[in-house]
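K.L.:
Could you work out the structure for the sequence below:
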Amino acid sequence: MSKANTLQKPATDETSKAATNQDSTVPQPYILLKTATANKLGKNSAGGIAYRVLADTDRKNLYITITGNDGGGYFSREVVPFSQVEKCLTDWPDAGKALPSKLFKTAFVGRSSNNAGFLAAILRAEDLLTAAPDAETQHVRHGDMATWKAELLTETGTQITLPDMTNSCAVVDGGPDETANKTLSLPRKKA
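P.N.:
Okay, here's the model as predicted:
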């Protein structure tokens, strides 16, 4: 990629989504709190979604980043503020009803259609969502988000820096895809 490796500046809860996902000229470190793999949610899906839970160095904000996909398919490697995930849940008009994975689409800047479903799988792995009783492909809130956040923020963790992957997509090998921001065109059949 021709993009310089810069880091995203961690956002505070008050920072807007647009400002959160802009490139920063000053590298910002994160604290890696957890690395894990979530099972995919599709009934015909195999493999898992690798992810990290991060914190800013002040340990005030959490972030999630998808780092791998065992079964193939694109995803955005951006660092997603957990406050954006919470906003998606808060904005859901039917708080007591099942919610679809696509609800989490707005948490990302990247446009991969897999992002929202992969994030839902991560939230299930973290026990923050569970399967809806009447619709296997939908979710209901589960667990105590405030307790989950508080417990993670007390983890020792390791300081890391991440390259800016805003609006980037990745393939199963984990490397960035040079065509991530290009449109795929297929030849039309002749009549």
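K.L.:
gap between V80 and K43?
P.N.:
According to CB to CB, to the nearest Å, V80 and K43 sit 26 Å apart. In short, each C-beta sits where N, CA and C put it, glycine included.
K.L.:
okay, those two: which has more neighbours?
P.N.:
A count of neighbours by other CB atoms under 10 Å puts V80 above the other of V80 and K43, at 26 against 7.
K.L.:
Give me the pLDDT for the more buried one.
P.N.:
In this prediction, V80 carries a pLDDT score of 95.
K.L.:
which residues does T130 bridge with?
P.N.:
When bridges are called by DSSP bridges, T130 pairs up with V140.
K.L.:
wouldn't it be in contact with H142 here?
P.N.:
Yes - in this structure, T130 is within contact of H142 by CB atoms under 8 Å, at 4.0 Å.
K.L.:
low-confidence ranges in the chain?
P.N.:
The model of the chain has pLDDT under 70 over residues 1-27, 164-191.
K.L.:
Please enumerate the helices of it.
P.N.:
Secondary structure of the chain by DSSP state H: the helices cover 17-20, 82-91, 115-125, 145-153.
K.L.:
Kindly tell me how buried the closest residue to G143 other than its chain neighbours is, as a neighbour count.
P.N.:
In this structure, G143 finds its nearest non-sequential neighbour in D127, 4.4 Å apart by CB to CB, 6 or more residues apart in numbering. Applying other CB under 10 Å, we find 12 residues neighbouring D127.
K.L.:
same thing with the one 5 residues further on?
P.N.:
Using other CB under 10 Å, the number of residues around A132 comes to 15.
K.L.:
do Y63 as well
P.N.:
Y63: 25 neighbours (other CB under 10 Å).
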